[in-house]
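A.B. asks: Predicted model, plus sequence, below.
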Amino acid sequence: MLRMILKMLWARKRRYGWLLTELVLVTMIVWVLLDPVAVLFSIESMPNGFDERNLYRVVLADYSPRSPRFRPDEVNPVKARENRWHLLRRVRAYDGVESATFFGNTGPFWQTSYFLRFQKDSLTTDAWVMEIVPGSDYFQTLRFTEADGQTNEQLDRLLQGEPFEQPDRVVLSDAAFPGQSARGLNDTVNQHQVVGTTALVRMRVGGVPMPVTSRLVYPVGRSMLLRVRDGVDEDEFLPAFTEWARNNLQAGNSYVRSVQPFRDFMHEDGDDVRQNLRVRSILAGFFLFFLFMGVTGTFWMQTRSRREEIGILKSFGATRGTIVRSLLAEGFILATLAVAIGCLIYLQYVLKEGLYNPLGNNGNNICTLYSGRFWFEHFKTHFAVVSLITWALLQFVVCLGIWIPARGMSRVTPTEALHEE
């Protein structure tokens, strides 16, 4: 059957030559449109590395010295830290709260985050810093994705004591060094001792999961995080807790300014990234729709023009299924050949200009890309994935343009088909 189909394609080489040229051009256009969209959607589907569900951020503020509620005797740093702990204990005691922690000025989705460098043999990596107050159940509250068999409770226990007593004991992402575990690392260059590991964490909207590390600090941050127990109605919890916090949650000069779902905090600075993805998706969808309508229409008309040929085949005993399958096979071969040629031509361009790379997207990927953790960093894999998606889309469009008219014409009797011709 394959030999017969190839002979039929060769016999119609002039007509199919134009179709092949059209499909080659469509392949290259689809490639240009799909490449960034495929990468950006892949990034958006990546895990955060922690559980943002049932998580809320309590934003703190301090009374101004001009406020009648300002207390000069509470400005002392030691007293201020005691007040922060008092607030945290009160939040933990609120009905429906599972756990709560301090959320310093660096960590997941903080725009002020910075990174530290680690070295293992000849390898180096940069890990974004999370400021953690010892004993504050930081890992349990955020529910980090566990790695290397260590639970979040164990990680919290590893980081106890005064910050200045163990400044070099850190938790580091297990996959900080691609292909190697970071557990037990003793970085003699920067004096870091890795006592625990966790998963990679997304630090920005539109960013890829990154290596993170811990830094022990005193509770001086301007916010806390709380996790609501599973099963608590969040629609009822948030307004009730916010009202209670504003009226009752105060210690020294500190008070609660606002309470927000952590998801809202995550997306505060992600408008540009989301808008970029939205615009690219709309433009790609718009152009692909019209391209595919044109391709589908071309093959629809091409198939309908073969009504007499279908009648002759049926007069020789060909079944409906055989006719439809043979026409689909022609389209499959033609589309496959067109994608192969189109991708080969486009390959010459990307070898010089490169494939789409989200490096530097909002400045949040600089420290982790080019490390080989993600499929779009590998040229061969990246090219193969987008080429496969392009091939699948073209096959769908071509087969759809053939199958619908072929299915109808295969029902016509040989006499009707030949008589109409």
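C.D. replies: Received it, and whenever you're ready, just let me know what you need. This is a predicted model, so every value here is computed, not measured. Numbers count the residues shown, from 1 in each chain.
A.B. asks: all contacts plus neighbour counts: C-alpha atoms, from now on.
C.D. replies: Fine.
A.B. asks: Kindly state the beta-bridge partners for the nearest residue to Ser173 once chain neighbours are set aside.
C.D. replies: The spatial neighbour of Ser173 that comes closest, neighbours along the chain excluded (CA to CA, 6 or more residues apart in numbering), is Thr198 at 4.7 Å. On the basis of DSSP bridges, Thr198 is bridged to Glu146, Ser173.
A.B. asks: For stretch 226-233, list every residue counted as buried.
C.D. replies: 226-228 (16 or more other CA atoms under 10 Å).
A.B. asks: Helices of the protein, start to end?
C.D. replies: 2-11, 13-44, 77-93, 138-142, 152-158, 234-248, 262-266, 271-304, 307-315, 320-353, 379-409, 414-420 (DSSP state H).
A.B. asks: among those helices, which is the most enclosed?
C.D. replies: Burial of the helices of the chain is given as mean neighbour count (mean count of other CA atoms under 10 Å); helix 138-142 ranks first at a mean of 23.
A.B. asks: Could you list the residues in contact with that helix?
C.D. replies: Under the criterion CA atoms under 8 Å, 6 or more residues apart in numbering, residues 50-52, 55, 99-102, 132, 152-153, 155-156, 225-227 lie in contact with helix 138-142.
A.B. asks: Please, where are all the strands along the stretch 51-200 of the chain?
C.D. replies: For the stretch 51-200 of the chain, applying DSSP state E, counting those that start in this stretch gives strands covering 55-62, 97-102, 115-120, 123-132, 169-173, 186-187, 192-198.
A.B. asks: so where is this structure shaky, pLDDT-wise?
C.D. replies: 1-16, 162-167, 269-277, 280, 288, 290-292, 294-295, 297-321, 360-367, 408-421 (pLDDT under 70).
A.B. asks: Could you break it into its assigned domains?
C.D. replies: Split into domains by automatic domain parsing, the chain comes to 2-46+270-420, 55-264.
A.B. asks: Count the residues that sit near the residue nearest to Gly161 when sequence neighbours are not counted.
C.D. replies: Nearest residue to Gly161 in three dimensions, chain neighbours excluded: Pro134, at 6.2 Å (CA to CA, 6+ apart). By other CA atoms under 10 Å, the residues close to Pro134 number 22.
A.B. asks: Hmm, Pro134 is touching Leu216, no?
C.D. replies: Yes - shown here, Pro134 and Leu216 form a contact pair, counting by CA atoms under 8 Å, at 6.5 Å.
A.B. asks: one step back: restricted to strands, list the buried residues of stretch 226-233.
C.D. replies: 226-228 (DSSP state E).
A.B. asks: Could you export the buried residues of stretch 226-233 as CSV, including distance to Leu19?
C.D. replies: Formatted as CSV, the buried residues of stretch 226-233 follow (distance: CA to CA, whole Å):
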residue, distance to Leu19
Leu226, 61
Arg227, 59
Val228, 60
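A.B. asks: and which of these is nearest to Arg66?
C.D. replies: Leu226 (30.8 Å; CA to CA).
A.B. asks: The closest one against Arg53, yeah?
C.D. replies: No - using CA under 8 Å, Leu226 is not in contact with Arg53, being 10.8 Å away.
A.B. asks: What are the buried residues along stretch 191-205?
C.D. replies: Buried-residue list, stretch 191-205, by 16+ other CA under 10 Å: 192-205.
A.B. asks: Work out the gap between it and the centre of the chain.
C.D. replies: Centroid separation between stretch 191-205 and its chain, computed with CA atoms, centre = their mean, to the nearest Å, is 19 Å.
A.B. asks: And stretch 331-340, by the same measure?
C.D. replies: The answer for stretch 331-340 is 31 Å, by CA atoms, centre = their mean.
A.B. asks: neighbours around the closest residue to Phe103 other than its chain neighbours, how many?
C.D. replies: Nearest non-adjacent residue to Phe103, counting by CA to CA, 6+ apart: Met224, 4.8 Å away. By other CA under 10 Å, 23 other residues sit near Met224.
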